[in-house]
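[1] Can you look at this prediction? I've put the sequence above it.
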Amino acid sequence: MPTRYDYTGKDVQDVYDGPGGLLWEAVMSEQIHSGKDEVTDRMAAAVGLKPGMHVLDVCSALGAPARQIAKKFGVKVTGLDFTKTMLTKAIERTKTAGLDNLVTFVDGNALDMPFKKETFDVVWGQEAWCYVANKDQLMAEAARVLKPGGKLIFTDWVITGKVEEPLLAKLYESMAFPYMETLQGWGDLMKKYGLKNIKVEDQTEEYAKCFDEYKKMVEVDLKPIIVKNFGNDLFGFATGLVNLWRDAAHAHQVGRGWYQAEK
């Protein structure tokens with residue numbers, strides 16, 4: 001079982017309600033995940049999104065993926081998140097985009113989803129479940145709210161190799177992660193809760209290349225903006241974080257996992 005650290009939902013809220021949320025948007029775009037809209041499109045194609053489907057985006061942040069799939073595929077999307085700033089911006093941007101007839105956002109906890117069982121055709125997540133302290137409960141909830149025959153698809157930051165404890169502690173501290181699942185660990189949880197046709201894919205090489213881009217953006221392209229708006233301390237933190245994760249990804253210690261299953 002992965003080592004767990006004492007980072008809570010409140011720590012995550014503090015990150016995304018503060019400068020951390022602004023920084024991640026500047027680096028990753030409003031999608032706030034590696035690969036941006038291209039990965040979102042790949043996920044949509046993998047589950048065959050089409051009009052009439054209802055998608056639950058768990059930990060939806062600024063709602064960019066929700067808006068993207070609603071606009072392109074005509075699906076109804078419910079975003080679930082509990083970070084106030086992210087929710088407020090998601091609602092505002094969705095209304096501005098004229099998509100609030102298809103996309104709604106709910107303030108709620110992924111460990112106690114405020115939905116009836118068998119509500120959604122697709123349960124969706126993008127690189128955010130690493131923040132959740134009880135991944136077993138998260139998977140139980142995802143399976144509960146998914147319709148029979150429905151599809152689960154998500155990506156996440158995961159442990160892909162051997163990571164010594166001192167490095168692991170630094171990685172988790174930099175992101176306020178309670179822990180990351182192992183690459184196969186998520187697959188085991190999907191199986192535990194009765195999901196089938198499980199697909200687990202290691203996308204660490206692609207993930208590492210994204211961090212090469214983030215390194216340049218933070219250290220060169222965005223440096224004047226970060227220093228001006230947030231100061232040298234946050235710039236130092238950001239460069240340290242990006243290099244820490246970039247090095248670990250290139251060493252194939254951490255990476256991105258892609259997961260699919262059916263109920």
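    Everything's here; your move.
[2] where do the strands sit along the stretch 51-200 of the chain?
    54-58, 76-81, 103-107, 120-126, 146-159, 196-202 (DSSP state E, counting those that start in this stretch).
[3] what's the first one packed up against?
    For strand 54-58, the packing partners by 3 or more CB pairs under 8 Å, 6 or more residues apart in numbering; DSSP states H and E come out as helix 64-73, strand 76-81, strand 120-126, helix 135-145. Where you see a C-beta, it was placed from the backbone N, CA and C, and this is true even at glycine.
[4] hang on, Phe105 packs against Thr83?
    No - applying CB atoms under 8 Å, one finds Phe105 not in contact with Thr83, separated by 10.9 Å.
[5] Name the residues contacting each of the two.
    With CB atoms under 8 Å, 6 or more residues apart in numbering applied, the contact sets of Phe105 and Thr83 do not overlap.
[6] Least confident secondary structure element in this structure?
    The helix or strand of the chain with the poorest confidence is helix 19-28; it has a mean of 86 (mean pLDDT, DSSP states H and E).
[7] Remind me what the very next helix or strand once past it packs against, helices and strands.
    Tracing the chain past helix 19-28, the next element assigned as helix or strand by DSSP states H and E is helix 36-47. Contact analysis of helix 36-47 by 3+ CB pairs under 8 Å, 6+ apart lists helix 64-73, strand 120-126, strand 146-159 as its packing neighbours.
[8] quick one: the spatially most distant residue from the centre of the chain and Leu146, what's the gap?
    Relative to the C-alpha centroid of the chain, counting by CA atoms, centre = their mean, Lys228 is the outermost residue, at 28.0 Å. As defined by CB to CB, to the nearest Å, Lys228 lies at a distance of 45 Å from Leu146.
[9] What is the burial count for Arg67?
    Burial of Arg67 is recorded as 26 neighbouring residues (other CB atoms under 10 Å).
[10] nope, Ser60 is what I was after
    28.
[11] State the pLDDT value of the closest residue to it other than its chain neighbours.
    Once flanking residues are discounted, Ser60 sits nearest to Gly79: 3.0 Å by CB to CB, 6 or more residues apart in numbering. In this model, Gly79 is scored at 98, pLDDT.
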